[in-house]
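Asks: fold the following, please.
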Amino acid sequence: MALHRNDVIAAALDLLDEVGLERLTTRALTERLGVAPGALYWHVRSKQELLTAMADTVVAPAFSAPVTGKGEGAEAEAETKPGSWAEHTEAFAHRLRRALLGRRDGARLVSGHLVPGTATLRSVEDGLALMSAQGLTPAQAAVLGHAVTSYVIGFVLQEQQEPAPTGEAAGPDPAHFPLLVQWQTEHPGPDATFAAGLTLLTTGLASQLA
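Replies: Got it, this is the predicted structure:
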């Protein structure tokens, strides 16, 4: 069976899930595919090109969703009707987080190797057009997009951080850090924390615009 570029990328992503970004090598990939090392470079000219293609594939679901359409969950509800720029921005952020969490080390891969392709750039252009139609300047829309994307990637980087090999560290002493202990006790979990921080970003810009 002939080997295609999409087969190489799919196999590389599966290998990423198994071994992580640090141990992902072209040698391991060629062994998985059952081909000679030179055969790989008919489809990707270097490991950097491979990682770039992998990163683009990981984020594709976040950028491929239409401005209006059907989705899953409360964050996708805004996509089912014409909504504000804030609703669409938050829906995109939730899609991006899901996409990054869908792969081991997804945030590390994307933060270091994403080079947006034509489809991604078209989606960004459509998003800027939506925001411009609702009163934002291209500069304001770009700042918002950069801030939200950086927030999502940074948040997921922490979520996907490998735990320390040593045993669990003792928690803070309530006698010295009562507020920190209270926060840890009442912490709502990553989903709610992510949504709250995201809302802070969009409402903060909305307040500035007002």
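
Asks: where in the chain is the helix or strand with the lowest mean pLDDT?
Replies: helix 74-77 (a mean of 43; mean pLDDT, DSSP states H and E).

Asks: would you tell me what the next helix or strand after it is?
Replies: helix 85-101 (DSSP states H and E).

Asks: what's that following helix packed up against?
Replies: When contacts are defined as 3 or more Cβ pairs under 8 Å, 6 or more residues apart in numbering; DSSP states H and E, helix 85-101 sits against helix 47-64, helix 74-77, helix 106-113, helix 118-133, helix 138-159, helix 190-209. In short, each C-beta sits where N, CA and C put it, glycine included.

Asks: that helix vs helix 118-133, what angle?
Replies: Angular relation of helix 85-101 and helix 118-133 on a 0 to 180 degree scale: 160 degrees, by axes from the mean of the first three to the mean of the last three Cα atoms, to 10 degrees.

Asks: and the helices and strands packed on helix 85-101, which one is worst for confidence?
Replies: Mean pLDDT across the helices and strands packed on helix 85-101 is lowest at helix 74-77; the value there is a mean of 43.

Asks: against residue 181, how distant is the residue lying farthest from the centre of the chain?
Replies: Distance to the chain centre peaks in the chain at residue 175, reaching 38.6 Å (criterion: Cα atoms, centre = their mean). According to Cβ to Cβ, to the nearest Å, residue 175 and residue 181 sit 9 Å apart.

Asks: residues near residue 184, how many?
Replies: The tally of other residues near residue 184 (other Cβ atoms under 10 Å) stands at 11.

Asks: on the pLDDT front, check it for me.
Replies: 80.

Asks: contact partners for it?
Replies: 171, 172 (Cβ atoms under 8 Å, 6 or more residues apart in numbering).

Asks: gap between it and residue 87?
Replies: For residue 184, the distance to residue 87 - Cβ to Cβ - is 32 Å.

Asks: also residue 157?
Replies: 25 Å.

Asks: my guess is residue 30 contacts residue 37. True?
Replies: Yes: counting by Cβ atoms under 8 Å, residue 37 is a contact partner of residue 30 at 5.0 Å.

Asks: more crowded one of those two?
Replies: residue 30 (18 against 11).

Asks: what lies in contact with stretch 34-44?
Replies: Taking Cβ under 8 Å, 6+ apart as the rule, stretch 34-44 contacts 3, 4, 5, 8, 26, 27, 29, 30, 33, 50, 53.

Asks: show me those residues that map onto strands.
Replies: The strands in this structure, assigned by DSSP state E, contain none of these.

Asks: just checking, which of those residues comes out lowest on pLDDT?
Replies: Where pLDDT dips furthest among the contacts of stretch 34-44: residue 3, at 84.

Asks: and it, what does it touch?
Replies: Contacts of residue 3 by Cβ under 8 Å, 6+ apart are 33, 35, 39, 42, 43.

Asks: drop anything exposed from those.
Replies: Among those, those buried by neighbour count (16 or more other Cβ atoms under 10 Å) are 33, 43.

Asks: please produce JSON lines containing the contacts of residue 3, extended by distance to residue 62.
Replies: Listed next are these as JSON lines, based on distance: Cβ to Cβ, whole Å:
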{"residue": "33", "distance to residue 62": "27"}
{"residue": "35", "distance to residue 62": "31"}
{"residue": "39", "distance to residue 62": "32"}
{"residue": "42", "distance to residue 62": "30"}
{"residue": "43", "distance to residue 62": "25"}
